[in-house]
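Q: coords below, sequence missing:
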Ligand SMILES: Nc1nc2c(ncn2[C@@H]2O[C@H](COP(=O)(O)OP(=O)(O)OP(=O)(O)O)[C@@H](O)[C@H]2O)c(=O)[nH]1
Ligand SMILES: [Mg+2]
């Protein structure tokens, strides 16, 4: 391949200025050739990298020359998949590559990088090691049951199991936090017309995104605005004010409000301070923050307990509102590192925890105890990919972009 395209193989790991030619010797581009001999490459195999000037036509010609010389196009995520199969990365690290590329906030990127460097995998491995030890003890007990030792062993096993559970709970808590970072928080503003929902969105976004007028029923369509609060990605959604209306457009807008409410992680129920009003009907079962806006018009207004008084006009109470949103979403800025866990990881951790709970209840029956430990262990192993079915691998890597 290198012979045809470059005339020779570049020196290992040195950027070499070279001419790129097709099979007929026609010059295509000039650029850098980089050769990474196995095993010191991303995939662990021999790797040749060409850096040309780019541009769709030259790229296509160069690609065609590579294909003519016997190469084929990589599938999405194939490089990372090969790296995984060669043992360069475990599965959680491989997933972190995609997460790093897709990171929607700085916090998420930092967290993905930590997973990539193996922090998450190390935590999982530590849990796994503790379980393996406990299993070894238990299996030995199964093979050589000695009556008088039995009670002693049960006590020791119970203590060890409790320690594993505490450690697992910690990993799970950090993973739940990370899952928030990954997916972002969907925050929906809802309330009667004219209470200042759009004004609040603009205020939180720091930009005049939504149209604001004194006319009730201004917002007709849901408006989404991505913002960050302390590095957490938040999707703010402004909605049409809810009231009885015969206006067809407004009715359609209100139907959208209901749809948005169904998808909300947190609802901001907005009221006008000092004005009697009902909470929005049909609110979903998610955390809700009652927000009393326009307090600048009501000096001395006191919001009911748990509610927040704000003014979109003066900015009063907005810092508190931001904090309340993060709190309601379950974000606890501990300053500690979180794990940018995927749904798959969370499910496995939760399943592992359930097996450990069952194990704790089966201390009197060694066989069942041992079996629950084994099941918990398998769940953890699936996270780092020690035992992962092929179709799951296909599913994970197919979501990568091509070339990664
Ligand atoms: N004094 C004062 N006026 C405000 C405040 N927030 C909003 N307003 C005014 O209230 C009116 C309605 O504001 P909007 O933000 O359009 O209200 P909305 O809830 O989005 O209304 P709809 O889109 O009709 O549902 C506008 O004239 C705003 O300037 C506030 O904190 N103080
Ligand atoms: Mg509005």
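A: Thanks, I have it. Just so it is clear, the model here is predicted, and its values are computed rather than measured. Ligands and ions are numbered 1, 2, ... in the order given.

Q: ok, the residue in the stretch 101-250 of the chain that ligand 1 sits nearest to - contacts?
A: Closest to ligand 1 within the stretch 101-250 of the chain is residue 241: 2.6 Å, counting by CB to the nearest ligand atom. Backbone N, C-alpha and C define where each C-beta goes, glycine included. Shown in contact with residue 241 (CB atoms under 8 Å, 6 or more residues apart in numbering): 191-195, 197, 216-219.

Q: distance of the nearest residue to residue 367 once chain neighbours are set aside from residue 356?
A: Excluding the flanking residues, the one nearest residue 367 by CB to CB, 6 or more residues apart in numbering is residue 142, at 6.9 Å. Residue 142 sits 18 Å away from residue 356, taking CB to CB, to the nearest Å as the criterion.

Q: out of these two, which sits in the more crowded spot?
A: Between residue 142 and residue 356, counted using other CB atoms under 10 Å, the more crowded position is residue 356 (24 against 12).

Q: for the more buried one, what are phi and psi?
A: phi -70, psi -40 (degrees, to the nearest 10).

Q: what are the buried residues along stretch 114-134?
A: 114-116, 118-121, 123-125, 127-128, 130-131, 134 (16 or more other CB atoms under 10 Å).

Q: for those, which one is nearest residue 24?
A: Of all the buried residues of stretch 114-134, residue 24 sits closest to residue 116, with 42.0 Å by CB to CB.

Q: grab the nearest non-local neighbour of that closest one.
A: That would be residue 96: by CB to CB, 6+ apart, it lies 4.0 Å from residue 116.

Q: ok, the one you found to residue 39 distance?
A: 21 Å.

Q: the more surrounded of those two?
A: residue 96 (28 against 12).

Q: ok, and what's touching whatever helix or strand that one lives in?
A: Taking DSSP states H and E as the criterion, residue 96 maps to helix 91-102. Helix 91-102 is contacted by residues 77, 80-81, 83-84, 89, 108-109, 112-113, 115-116, 118, 120-121, 124, 182, 340, 342, 345, 383-385, 388, 393, 396-397, 399-401, 404 when judged by CB under 8 Å, 6+ apart.

Q: so of those, which ones are in helices?
A: When DSSP state H is applied, the contacts of helix 91-102 are split such that 80-81, 83-84, 108-109, 112-113, 115-116, 120-121, 124, 182, 345, 383-384, 393, 396-397 fall in helices.

Q: just want the most central residue of the chain.
A: residue 182 (2.3 Å; CA atoms, centre = their mean).

Q: so what's it closest to, chain neighbours aside?
A: Closest to residue 182 by CB to CB, 6+ apart is residue 340, at 5.6 Å.

Q: and the one you found, what does it touch?
A: Residue 340 sits in contact with 96, 99, 108, 111-112, 114-115, 120, 178-179, 181-182, where contact means CB under 8 Å, 6+ apart.

Q: and residue 233, by the same measure?
A: 104-105, 108, 181, 184-185, 226.

Q: CSV for these, including secondary structure, pLDDT and distance to ligand 2?
A: Formatted as CSV, the contacts of residue 233 follow (DSSP: H, G, I helix; E, B strand; the rest coil; pLDDT from 0 to 100; distance: CB to the ion, whole Å):
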residue, secondary structure, pLDDT, distance to ligand 2
104, coil, 78, 26
105, coil, 79, 26
108, helix, 83, 30
181, helix, 79, 29
184, coil, 82, 22
185, strand, 89, 21
226, strand, 91, 18
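
Q: list the residues that contact the residue nearest to residue 367.
A: 366-367, 370.

Q: tell me what angle the helix or strand where it lies forms with helix 91-102.
A: Using DSSP H and E, residue 142 falls within helix 119-143. Helix 119-143 and helix 91-102 are oriented at 160 degrees to each other (axes from the mean of the first three to the mean of the last three CA atoms, to 10 degrees).

Q: run the chain-centre distance for helix 119-143.
A: 27 Å (CA atoms, centre = their mean, to the nearest Å).

Q: same question for stretch 238-254.
A: On CA atoms, centre = their mean, the centre of stretch 238-254 falls 34 Å from that of its chain.

Q: ok, stretch 98-108 next?
A: That offset, for stretch 98-108, works out to 8 Å (CA atoms, centre = their mean).

Q: show me where pLDDT drops low in this protein?
A: Applying pLDDT under 70 to the chain flags the ranges 144-149, 279-280, 333-336, 387-389.

Q: around ligand 2, pick out the residues from this protein.
A: 197-198, 218-219 (CB under 5 Å from the ion).

Q: again, 6 Å this time
A: 197-198, 210, 218-219, 238 (CB under 6 Å from the ion).

Q: could I get the residues you listed as JSON lines with secondary structure?
A: Conversion of the residues of the chain next to ligand 2 to JSON lines gives the following (DSSP: H, G, I helix; E, B strand; the rest coil):
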{"residue": "197", "secondary structure": "helix"}
{"residue": "198", "secondary structure": "helix"}
{"residue": "210", "secondary structure": "coil"}
{"residue": "218", "secondary structure": "coil"}
{"residue": "219", "secondary structure": "coil"}
{"residue": "238", "secondary structure": "strand"}
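
Q: now for the host helix or strand of residue 50, which elements pack on it?
A: Per DSSP H and E: residue 50 is located in strand 47-51. Applying 3 or more CB pairs under 8 Å, 6 or more residues apart in numbering; DSSP states H and E, one finds that strand 47-51 makes contact with strand 27-36.

Q: what sits against residue 302?
A: Residue 302 touches residue 309, counting by CB under 8 Å, 6+ apart.
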